[in-house]
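> here is a sequence with its predicted model. Questions after.
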Amino acid sequence: METDVKAVYVYNFIRFTEWPDETSTPAERKLLVLGNLTLLKTFKHDAFRLTAKNTSLYTHSCPTPACIKESHALFIDRTKSSQLIKILASLKNRPVLTISDIPGFADKGGMIELKRDQEHVIFRINIEAIKQANLYVSAQLLELAEITGKKP
Amino acid sequence: MNRNRKKFITFRMVALIFLFPGFTTPGLCDEKISAREMLDLSMEELMNINVVSVSKREENYYGAAAAVFVITHDDIRRSGARSIPEALRLAPGVEVNRVNGNQYAIAIRGQNDLFSDKLLILMDGRTIYTPTFSGVWWPSQNYPLEDLERIEVIRGPSGAIWGANAVNGVINIITKDANTTTGTFVSVGGGNEEKAFGTIRFGADSDSAAYRAYLMSEERDGGILPSESALPISFPAGLDAPDNRKLSQGGFRADWAMNEQTDISFHGDLYDVKTGAFGSHVPQPFVAPTAPYETLVSYRGHNLVLKTDSNLSSETSMSAQLFYDQYKIDSIIFGEKRDTFDVDLQFNFSQLPRNLISIGGNYRASRAVIKDTGTLQMADDSMDLTSIFINDEIELIENRLRLIAGVKLEKNSYMKWQAQPHLRTIYTADTWGVWAAASRAVRSPNMVDNGLTLNKVSAPGLAASVLGTGDVVPEKVTSYEVGLRFHPDNNLLFQLAAFRINYKGVGDVHRETPFGVPAGVLIPIYMQNVLDGKAEGMEADITYRVTDWAKVKGTYSLLHQSYRPVASLTGDAQALDTVLSITKQSPKNRYSIGVSIDPVNSIELDVNLYGWNLFRDDGFGPSVNSYERLDARIGWQATDNMNISLVGQNLLKSTHREDVDSALEFSSLIQQSYYVKVNYHY
């Protein structure tokens, strides 16, 4: 259940984000999922993909620095928190939308943190990190988010 | 809800459901909404979805009412281990003794030798212990370590859930889902002992399916012949023994998320391992004397596993698995070809509030064809095994207290129906938990108990032979455990478990009065239930992530054992010798300490220290001295695609002994080892 909610959130974050190299036609976007097989498989299920057909989203899992740099969006599972600093350092100023459920992610230089508020899932956005990566996140999303501005 | 649960049903993980707390029936609202339906919600609506506390299960992996330890992929990678047995050193309570270059004696909580017979070892759901002697041919159990997801070690009897042979524990080796191993991966390396090794793996995925295929090859040097070895063979003591090995293996795995309810996994492996071995054998009983041998042993085999996990409804899930496994062993001591077919089916029901009920069944048919030698003769034999189980996990106080009760009924060709019950309870708070368990397991008689003739000593007109005459009855093991777990946050985990085991009828050998046979005089050594006994001890482990760039971990195991001859052998001198040798099979203390540091982003430094006390000091041969093993590793992420690592093992001593000679192969001294490895991924 919580994984499903997270998957839909991640899908929506990508939908509400513009990448610098994009023209008017939406290009294929690569989402890399690190450390959460259940989430990865949720994205890959036919039912999810067909419903989410408006976005050309390719989801995969490849934990190498090269793959990480080439992705458009990166989900880092909380089990990978020990590698967080390394991963964020390798992405400095690159247009990769970073999303994670690691506690304190947005304040450690990550972009969108999924967090629990009682029994709901909410999110916190690091506006400064998004700006530095040259990404544009729609105002609709920012309105609903908790905002922080720590530089990565 | 469905997806959360599905995660826990892969690879007989279904069994862990009964051990884990935190499984709550669905919350009051939103329980039916699927990911697909959520896609139509606005962000505001999404933020209002109640995700209840089901996810606690996912986060709280260590919430089991049993002594559980998980060796993660990262732990294996940073340990520098080059094989599955070496990686098992990382877990508390697991005794890993490397007998020589190829053979390992591995056990949990005592009774450890090359023929250890009390563990259930699974690789992606396929049991890899053999019904021949209830142990594992470790030389043929290999996998590219980069593609292992984790190794779960459950100490203590888990017969009620896991079934056959889970007497003192379960080791569950789990490979990565093919969805996480896409791209081309190449790993090559070499060193002084690990002469040369390489893996190439290719993986690809589509939207709903993924696969990978791999090839691996390894060449390993042997140990050193101990100076106390009296073998008159062609190599002198102090020089390289011929226990080297060559391994070639290939395999594949495909994972398919068929729909939102069903996952299917299909995988298989094919291997050919040649190991050097030396020891003593009997060319012709009653005619020729016992003679030394030096030979190559061949292990070849293949397996195929098909598995499906399916949510039949929001309250019912099913897990079904079929596997076929064949192995062939050919040595101067004996040859065997064994085919095993196994089918496993389990259902989980959560219709009743606060109850999670599981019912399952397993059927296994296995046939062995034996090649007799002068040393070993045994009739070809087929065996089958049938088991059924029921288990209920009851939540007495929501999110806090649960009771787990279950029983497994099992029979095989050598044993009538036996019940293996367990009763467990766990209390969990937010940052800590305590659990207690009482369980009974059975070590079932096997093929060698029912037909072995092993000629140990021979001279003209004389032979001393181990005989399996079917006298062994199921060995009954009762165990009581308590445990404590402290997990204040993701950075710290501390676990403590204490246990008391009662053994009734431990199987061993017993020499009896010689008698005349046509060929001469036979000294019979019968396989029978020789000892009763008990063991007490505790295990502790701690994992602490000090900062983002430093982690320390440690394990400690204490084991105290005492045995006595069964009533019918009271005061018997032979049986008293067996008491001594079994008691001394394991050291009283074992520990490990590991430190991992990332001084800069591209560098990893790892140090692991393992140690044990003197053991095998039974006076019947050499003993194994206390030993401190120091391993170190430097890893360097040279480019985005390339990682280079340098590993040194056994850095404190040039050679050391880990175990003693066996009837199958003699031991050698394990040497210091260095190797370099380059991984390339694109």
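That came through, no problem. Given the structure is predicted, the values throughout are model-derived calculations rather than measurements.

> show me where the stretch 1-150 of chain B has strands.
Counting by DSSP state E, counting those that start in this stretch, one finds strands in the stretch 1-150 of chain B at the ranges B:67-72, B:94-98, B:104-108, B:119-123, B:126-127, B:148-155.

> which strands or helices does the second one pack on?
Spelled out, that is strand B:94-98. Packed against strand B:94-98, as judged by 3 or more Cβ pairs under 8 Å, 6 or more residues apart in numbering or on different chains; DSSP states H and E, are the following elements: helix B:84-87, strand B:104-108. C-beta: built from backbone N, CA, C; applies to glycine.

> on contacts alone, who are the packing partners of the longest one?
Of the remaining helices and strands, those touching strand B:104-108 by 3+ Cβ pairs under 8 Å, 6+ apart are strand B:94-98, strand B:119-123.

> distance of residue B:209 relative to residue B:255?
If you measure residue B:209 against residue B:255 using Cβ to Cβ, to the nearest Å, the figure is 7 Å.

> of these two, which one has the most company?
Here residue B:209 and residue B:255 are set side by side on neighbour count (other Cβ atoms under 10 Å in any protein chain shown), and the busier one is residue B:255, at 26 against 16.

> what's opposite that one in the beta bridge?
Note on residue B:255: beta-bridge partners by DSSP bridges are residue B:210, residue B:265.

> what's it in contact with, if anything?
For residue B:255, the contacting residues are B:177-179, B:209-211, B:263-265, taking Cβ atoms under 8 Å, 6 or more residues apart in numbering or on different chains as the criterion.

> can you rerun that using 7 Å?
Contacts were defined as Cβ atoms under 7 Å, 6 or more residues apart in numbering or on different chains; by that measure residue B:255 touches B:177-179, B:209-210, B:265.

> with residue B:165 instead?
Residue B:165 makes contact with B:119-120, B:129, B:134, according to Cβ under 7 Å, 6+ apart.

> how many neighbours does the closest residue to it other than its chain neighbours have?
Of all residues not flanking residue B:165 in the chain, residue B:120 sits nearest, at 4.5 Å (Cβ to Cβ, 6 or more residues apart in numbering or on different chains). Here the number of neighbours of residue B:120 (other Cβ under 10 Å) works out to 24.

> any idea how far residue B:120 is from chain A?
In this structure, residue B:120 and chain A are 25 Å apart, going by Cβ to the nearest Cβ, to the nearest Å.

> quick one: that residue and residue B:151, what's the gap?
Distance from residue B:120 to residue B:151, counting by Cβ to Cβ: 13 Å.

> distance to residue B:642 and pLDDT added to the contacts of residue B:255, as TSV?
Output for the contacts of residue B:255, formatted as TSV (distance: Cβ to Cβ, whole Å; pLDDT from 0 to 100):
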residue	distance to residue B:642	pLDDT
B:177	25	93
B:178	23	94
B:179	24	90
B:209	29	89
B:210	24	93
B:265	31	96
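
> deepest-packed of the helices and strands packed on strand B:94-98, please.
Using mean count of other Cβ atoms under 10 Å in any protein chain shown, the stretch among the helices and strands packed on strand B:94-98 with the largest mean neighbour count is strand B:104-108, at a mean of 24.
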